[in-house]
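# Need the 3D shape of this:
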Amino acid sequence: MDGDTYLFIDGEYLRQIHRQAMLDFFGVDGELDILEAKREAGALRAFFYDSIDEGQRPGETVEACRERTAPLHDFMNRTSALSGVHVRLGTVTGKRRRQKEVDILLATDMLTHGFNGSMKNAVLLSGDLGITIRLDDEILAWFRNQVELAGGGNYQTVINEVLRQHIQRAQEPLEKTLRRVIREEIRRAS
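Residues are numbered from 1 along each chain as shown. This next block holds a predicted model:
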């Protein structure tokens, strides 16, 4: 898989889980190693999507704002200097200071690289609850055909129902199954 795989990273998500894991296990806040994630994914390129909240918080001085954002600016600069790593920044807006544009940038880049043929495989590292999965063409065709034979409906609903039934029937816990499948995929990709 090396050479035809790109890694797409939701930076805020990865930074948060990495920070929490470092604090939980080692009691320190360690820095994220994007090159290691790229190597583990077998990716030729990695795209890191994030944003920096540069807005002054209530009661925060300009200097305190600079001090708060400086480590993130430094991290983004070091990350963008890595070979084969690209950093794309969105914005932070609104009262609740939410990230904007990051998901759109990520999705647009994935689609662009997929359509122009620069990658054959994409690895998405994201914590978003609403996810999109890639299914092989023959699987989608089979489900679409089943829906058509049944007189119509939504093939995505049928896929969800089949997965739900499988989970209910499965003897091993889903977590164990997922871990086994992920290990097998990582071995196959290596």
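
# rest of the way, CA atoms for contacts and neighbours
Fine.

# So the closest residue to residue 119 other than its chain neighbours versus residue 33, what's the distance?
In this structure, residue 119 finds its nearest non-sequential neighbour in residue 4, 4.9 Å apart by CA to CA, 6 or more residues apart in numbering. For residue 4, the distance to residue 33 (CA to CA, to the nearest Å) stands at 21 Å.

# Looking at those two, which is more packed in?
More neighbours surround residue 4 than the other of residue 4 and residue 33, with 15 against 10 (other CA atoms under 10 Å).

# And the pLDDT for the more buried one?
Listed pLDDT for residue 4 reads 86.

# residue contacts, it?
43-44, 118-121 (CA atoms under 8 Å, 6 or more residues apart in numbering).

# how does it look with 10 Å?
When the contact criterion is CA atoms under 10 Å, 6 or more residues apart in numbering, the partners of residue 4 are 42-45, 117-122.

# swap in residue 54?
62, 65-66, 68-70, 91-93, 97.

# Need phi/psi at it.
phi -90, psi 0 (degrees, to the nearest 10).

# repeat for the one 5 residues further on
Backbone dihedrals for residue 59, given as degrees, to the nearest 10, come out at phi 80, psi 0.

# tally of neighbours for it?
Applying other CA under 10 Å, we find 7 residues neighbouring residue 59.

# after the lowest-mean-pLDDT helix or strand in the chain, next one along is what?
The helix or strand of the chain with the poorest confidence is strand 98-100; it has a mean of 67 (mean pLDDT, DSSP states H and E). Once the chain leaves strand 98-100, the next helix or strand it forms, by DSSP states H and E, is helix 102-115.

# buried set for that following helix?
102-103, 105-106, 110 (16 or more other CA atoms under 10 Å).

# any idea which of these is closest to residue 57?
residue 102 (21.3 Å; CA to CA).

# From residue 156, how far off is that closest one?
26 Å.

# which one in this protein is furthest away from the centre?
residue 151 (36.5 Å; CA atoms, centre = their mean).

# where along the protein do the strands fall?
Along the chain, the stretches classed as strands by DSSP state E are 5-10, 45-50, 85-89, 91-93, 98-100, 121-125.

# Report how many residues lie close to residue 36.
Look at residue 36: counted by other CA under 10 Å, it has 10 neighbours.

# Over to the one 5 residues further on?
Here the count is done by other CA under 10 Å, and residue 41 has 23 residues near it.

# Kindly report the same for residue 92.
What residue 92 shows, counting by other CA under 10 Å, is a neighbour count of 19.

# Surely it and residue 101 touch.
Yes - the pair residue 92 / residue 101 is scored as a contact, 8.8 Å apart, by CA atoms under 10 Å.

# Need the overlap of contacts for the two.
Here residue 92 and residue 101 have 50-51 as joint contacts, going by CA under 10 Å, 6+ apart.

# on that earlier part again, can you tell me how far the residue nearest to residue 119 is from residue 62?
Note on residue 4: its distance to residue 62, by CA to CA, is 45 Å.
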